[in-house]
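the sequence and its predicted three-dimensional model are supplied below.
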Amino acid sequence: MLSAKLFVYAVAGAAYGLILATTEGLALYGGAAVRGLTVGAEPAVVLRILLSLMITMTVYTVLGVGVGTVLRNQTATLTVLGGYLYMVEHSLAIIPGFQQIYPFLSGSATASLTDFTLLSQAAVELGITATPLLPPVIGAGVLAGYGITAAALAVLMPLRRQVTCSLPVADTPSGDSPAGTPVPLHLGGGTGIAGDPGGGAVTGLQ
């Protein structure tokens, strides 16, 4: 079932996020210890940011599954998500008229959750009014909303339906499945027609 697939991807995203957060923490404190430096942020702040990375990876994994369910093409999904997240959304932050909605987009919600202010600082250096980010708690809620929406799309828009039929006894070719054996037909979009050797046909609609 697609819901099971969605759950597996969510767990995989959380596991990847946990590995990412762990390696980031080890690199931060390990590098500081080797150089004899002290980490400026409080341990509680660092822990919150690292945990937010894990949550973010989980949400974006579910988001990818949801968009992939709609587009039904892996290449198109990667192109759309990559183009939007790395180009379109960042451009909206500096376009007048869109700055009001930018804090509620997925990238800005992620930035507020992880305290990522590099884009805001860059905007100020260029003489552009920086768009304020949401508080971390609200940003987490907005990001969770995107995840829930993506999960709903993944469950309500299945990628494929399986139609099972039984071929007539007289029309079953030698060497094929025995007469009466269910034969699954995986149908794509539109109407799929599988003709049998005897002239009959099995029609599946999706």
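Arrived safely. What you are looking at is a predicted structure, and each value in this text was computed from that prediction instead of being measured.

use CA for all of it now, contacts and neighbours both
Will do.

what helix or strand is residue 151 located in?
helix 136-156 (DSSP states H and E).

what lies in contact with that helix?
Applying CA atoms under 8 Å, 6 or more residues apart in numbering, the contact partners of helix 136-156 are 2-3, 6, 56, 59-60, 62-67, 69-70, 104-106, 108-110, 112-115.

from those, which land in helices?
Judged by DSSP state H, the contacts of helix 136-156 include 2-3, 6, 56, 59-60, 62-67, 69-70, 106, 108-110, 112-114 as members of helices.

counting neighbours, what do you get for the nearest residue to residue 11 once chain neighbours are set aside?
Spatially, and ignoring its direct neighbours in sequence, residue 11 is nearest to residue 58 (7.3 Å; CA to CA, 6 or more residues apart in numbering). For residue 58, the count of nearby residues is 23 (other CA atoms under 10 Å).

begin at 10 from now on, thanks
Done: numbering now begins at 10, and the last item shifts to residue 67.

tell me where this protein has helices.
11-44, 52-80, 83-92, 98-101, 115-123, 127-134, 145-165.

quick one, which of the ones you listed gets closest to residue 107.
helix 98-101 (5.7 Å; CA to CA).

show me what counts as buried in that closest one.
Going by neighbour count (16 or more other CA atoms under 10 Å), the buried part of helix 98-101 is 98, 101.

for residue 116, see how far away the nearest residue to residue 30 once chain neighbours are set aside is.
Spatial nearest neighbour of residue 30, excluding adjacent residues (CA to CA, 6+ apart): residue 59 at 5.0 Å. Residue 59 sits 17 Å away from residue 116 when distances are taken as CA to CA, to the nearest Å.
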